[in-house]
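My questions concern the predicted model and sequence given below.
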Amino acid sequence: MPEPGPEHEAIWVPDDAHVKRSRLLAAMKRWGYADLDELHRASIEDPETFWRAVVDDLDVTFATPFRRVLDDSDGKPFPRWFPGGHLNVAELCAHRHAAGPIADKEAVVYEGDSGPRRSLTYAQLDAEVRRFAANLSRLGVERGDRVVLFMPVVPEATVAFLAIAMIGAVSVPAFTGYGATAVATRLRESGAVALVTADGTTRRGKRVPLKQTADEAVAAAPSVRHVIVVRHLADDVPMQAGRDLYWDELDAVPAPVETVATEANDPLTIVYTSGTTGLPKGIVHSHAGFAVKTAVDFGYGFDVHPEDVVAWIADLGWLVGPMLIVGVLQLGATAVFTEGVPTYPRPTRMWEIVERNGVSLQGIAPTAARAMLAEGGVPSRDLTSLRAFASTGEAWDEPTWHWLFEQVGESRRPIINFSGGTEAGGGMLISYPFLPMPAACFTAPLPGVDAAVFDADGKPVVGEIGELVVRNTFPGMTHAFWQDRDRYLATYWERWDGIWLHGDLASVEKDGTWRIHGRSDDTIKVSGRRVGPAEIEAALLKDTRIVEAAAIGVPDDQRGQRIVAFVVLLNPATERHDLVSTAIQNVGRSFAPTLHVVPGLPKTTNGKIMRRAIRSRHLGVPAGDLSSLDAATSLDDIPILGEPGEAR
């Protein structure tokens, strides 16, 4: 494989319109910085001044002013941001807009898997938030209590998230693809007192019985006192007297409750992510940290203005779900929550949603783009409203990036590449739409993020693949794991003193171009040379006959490890000998993989390929936590090493 090269050719070159509309460039000019580099240095070296300016510029309004920006007296890993300040996310995202000029503007739109479209204006959203908050209070849900959200991205999901915040309780979003065991774990680990779910939903047109799963989970979670059920499919589901309540049967006009004056560092939400071992990690985000971080990412990173309509295929259990709620709504824009996959019921479904809703910023994962490319998802619709794509979740392969940029985007809509993580509260790296952009790369860290690439000795390197690290802290980073500080320290802060270890492999060039090369624990080491799986997969996907690929390393007596790749073909009848020879040519002989053709790859419910699970299955060892496995995909297609199977 070639090592990261010198300066990359810019494929996207912004026009004056993208430069002039940039909120970040406008703020930079007002603040008196000469260029983006100077602004970024200031965001790291003088956080007190910088974050005060950001809060003011993006209108993150505090009901009680904060005393200072940062208090790290508890140690660098445990900062308190904006201490003494009070604000509530429900005020930022609903209350203030309902009382202003955009009250009658659409705030939240739901595009369902099976075709339904529902929406709420800001006025309707606020009324529903206040109603549900009052009903939760009547049920005995109090400040600090945890409430699990196991529901599709219907408008009630946004209402519930903000209503829980309004009364100072803590939401715990869970993937709708989880089984009962995974939901029960999150109920028990968070000590949840209530669960909000739906009778069911659909995935690729097939019914998913959410209430049935919820009932099994609650049976193993004795702390849960109430289950509130949204009648989404109007299915007849069992309801337990004294515990279960239908959403639409809650008091329509309850006695109103006040919005709790939550302190800046009070917990807002706990988002669980699967750990490599043991129980899932409960990532804690606070009212102020998450509000400021999402405002920066959407306002400065994606350049969202109040007139924008932002659409994304999302699930509440993936951080993008809460990010859409808090980031888009506090900025007064419209959030379109898309359920399901982009190719069902038609390969052009995403573009139909763009046209129907006047979407200006469309979120898309590389996996989704590859699926549309394979199924002929070139738009025949009017995309004049669309100004840019936003991408996160995994690394791009260049052929698919070029297809989206050139064929769909007509070479005039940038792909804003964005990478971070649940633990970061959003993004760390981005490709700004106002900067020239190479294919499938990032052009800068986001404001306030002192990102670097470290080698094995903990030294920063340029032009080499190493560990992505952060040398400071910033608003939005997790406040540790829920009730487990020691595990948080061991996971992120233990390897190098004062350095936060992200877990991704990355590289940065002299020209400031960044790339992500996959997870560090997925690293493959062949004859002493480290390579990320994303590089192997990107090389394989240069062959247009391959629509998906997953690369893993397996033990090898002579070379330490060898590479095994599993590929999904556009046409299963493709001649295998030429497929293998093309793979060797694209990857390079020293990293040439053993190739297995499979009908599909196991993925999480948000579309990420589950490489660790693939490796475990192939090696015949226990796969560990599979709670995030999308039920529509399967591990069974992965051949077990040593058993008969098709390979080179």
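Arrived safely. Numbering: from 1, shown residues only.

Which positions in stretch 456-464 come out as buried?
Buried residues in stretch 456-464, counted by 16 or more other CB atoms under 10 Å: Val461, Glu464. Using the backbone N, CA and C atoms, a C-beta is placed for each residue, glycine as well.

which residues are contacting it?
Residues outside stretch 456-464 that contact it (CB atoms under 8 Å, 6 or more residues apart in numbering) are 3-4, 452-455, 466, 495-496, 499, 507-510.

ChimeraX command for the buried members of the residues you listed?
Per 16+ other CB under 10 Å, the buried members of the contacts of stretch 456-464 correspond to this ChimeraX selection:
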select :4,452,453,454,466,499,507,508,509
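
hmm, which two among the contacts of stretch 456-464 are most spread apart?
Greatest spacing in the contacts of stretch 456-464, by CB to CB: Arg495 and Lys510 (25.9 Å).

quick one: which of the contacts of stretch 456-464 is nearest to Met477?
Distances from Met477 to those, taken by CB to CB, are shortest for Ile499, at 13.2 Å.

was I right about the closest one contacting Thr473?
No. Contact criterion CB atoms under 8 Å: Ile499 and Thr473 do not qualify, at 11.0 Å.

before we move on, which element is Lys211 in?
Taking DSSP states H and E as the definition, Lys211 sits inside helix 210-218.

list the buried ones in that helix?
Leu210, Lys211, Gln212, Thr213, Ala214, Asp215, Ala217, Val218.

re the thing from before, could I get the contacts of stretch 456-464 as TSV with distance to Asp46 and pLDDT?
Formatted as TSV, the contacts of stretch 456-464 follow (distance: CB to CB, whole Å; pLDDT from 0 to 100):
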residue	distance to Asp46	pLDDT
Glu3	36	38
Pro4	32	37
Ala452	19	98
Val453	24	98
Phe454	24	97
Asp455	29	95
Gly466	28	93
Arg495	28	96
Trp496	24	97
Ile499	21	98
Ser507	29	95
Val508	23	97
Glu509	27	96
Lys510	26	95
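
Please tabulate the contacts of stretch 456-464 in TSV and include distance to Phe405 and secondary structure as additional columns.
Output for the contacts of stretch 456-464, formatted as TSV (distance: CB to CB, whole Å; DSSP: H, G, I helix; E, B strand; the rest coil):
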residue	distance to Phe405	secondary structure
Glu3	25	coil
Pro4	21	coil
Ala452	28	strand
Val453	26	strand
Phe454	31	strand
Asp455	33	coil
Gly466	28	strand
Arg495	37	coil
Trp496	37	coil
Ile499	35	coil
Ser507	22	strand
Val508	22	strand
Glu509	20	coil
Lys510	24	coil
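
For Phe302, state which of the contacts of stretch 456-464 is nearest.
Of the contacts of stretch 456-464, the one sitting nearest to Phe302 (CB to CB) turns out to be Val508, at 21.8 Å.

Check the gap between that closest one and Arg495 for me.
Per CB to CB, to the nearest Å, Val508 is found 19 Å from Arg495.

residue ranges for the strands of the stretch 301-450 of the chain, please.
309-313, 334-338, 361-363, 388-391, 415-421, 426-430, 444-445 (DSSP state E, counting those that start in this stretch).

ok, residues contacting the fifth one?
In this case it means strand 415-421. So strand 415-421 is contacted by 12, 297, 301-302, 319, 388-392, 396, 401, 404-405, 409, 426-433, 437, 440-442, 446, 502-504, 516 (CB under 8 Å, 6+ apart).

hmm, 6 Å instead?
If you take CB atoms under 6 Å, 6 or more residues apart in numbering as the criterion, strand 415-421 is touched by 302, 388-392, 405, 426-431, 433, 442, 516.

Val341 is in contact with Asp113, correct?
No. Proximity of Asp113 to Val341 does not meet the contact threshold set by CB atoms under 6 Å, at 7.9 Å.

Give the pairing partners of the helix or strand hosting Leu468; include direction for each.
Using DSSP H and E, Leu468 sits in strand 466-470. Here strand 466-470 is paired, per DSSP bridges, with strand 451-454 (antiparallel), strand 500-508 (antiparallel).

quick one: low-confidence parts of the stretch 151-300 of the chain?
Across the stretch 151-300 of the chain, the ranges flagged by pLDDT under 70 are 275-278.

show me where it has helices.
Here the stretch 151-300 of the chain has its helices, by DSSP state H, counting those that start in this stretch, at 155-166, 180-190, 210-218, 287-296.

cool, the stretch 501-648 of the chain as well?
Counting by DSSP H, counting those that start in this stretch, the helices of the stretch 501-648 of the chain are 533-540, 576-587, 611-619.

just the ones you listed: most buried one?
helix 533-540 (a mean of 26; mean count of other CB atoms under 10 Å).

Give the other helices and strands that it contacts.
strand 514-519, strand 546-556, helix 576-587 (3 or more CB pairs under 6 Å, 6 or more residues apart in numbering; DSSP states H and E).

Run the chain-centre distance for it.
22 Å (CA atoms, centre = their mean, to the nearest Å).

Repeat that for stretch 47-67.
The answer for stretch 47-67 is 25 Å, by CA atoms, centre = their mean.

residue ranges of the strands in the stretch 1-150 of the chain, please?
Using DSSP E, counting those that start in this stretch, strands in the stretch 1-150 of the chain cover 70-71, 80-81, 106-111, 117-121, 146-150.

Quick check: the gap between Gly75 and Thr473.
10 Å.

higher neighbour count, these two?
Thr473 (20 against 11; other CB atoms under 10 Å).

Once you drop chain neighbours, what's closest to that one?
Pro79 (4.8 Å; CB to CB, 6 or more residues apart in numbering).

In stretch 75-94, which of the residues would be classed as buried?
So stretch 75-94, judged by 16+ other CB under 10 Å, has buried residues 77-83, 85-94.

err, stretch 338-355, not the other one
For stretch 338-355, by 16+ other CB under 10 Å, it's 338-344, 347-351, 353-355.

same check, this time on stretch 268-286
268-274, 279-286.

Contacts for that stretch next, please.
Contacts for stretch 268-286 (CB under 6 Å, 6+ apart): 89, 165, 171-172, 186, 190, 265, 267, 287, 290, 319, 322, 422-423, 425, 478-479, 481-482, 625, 628.
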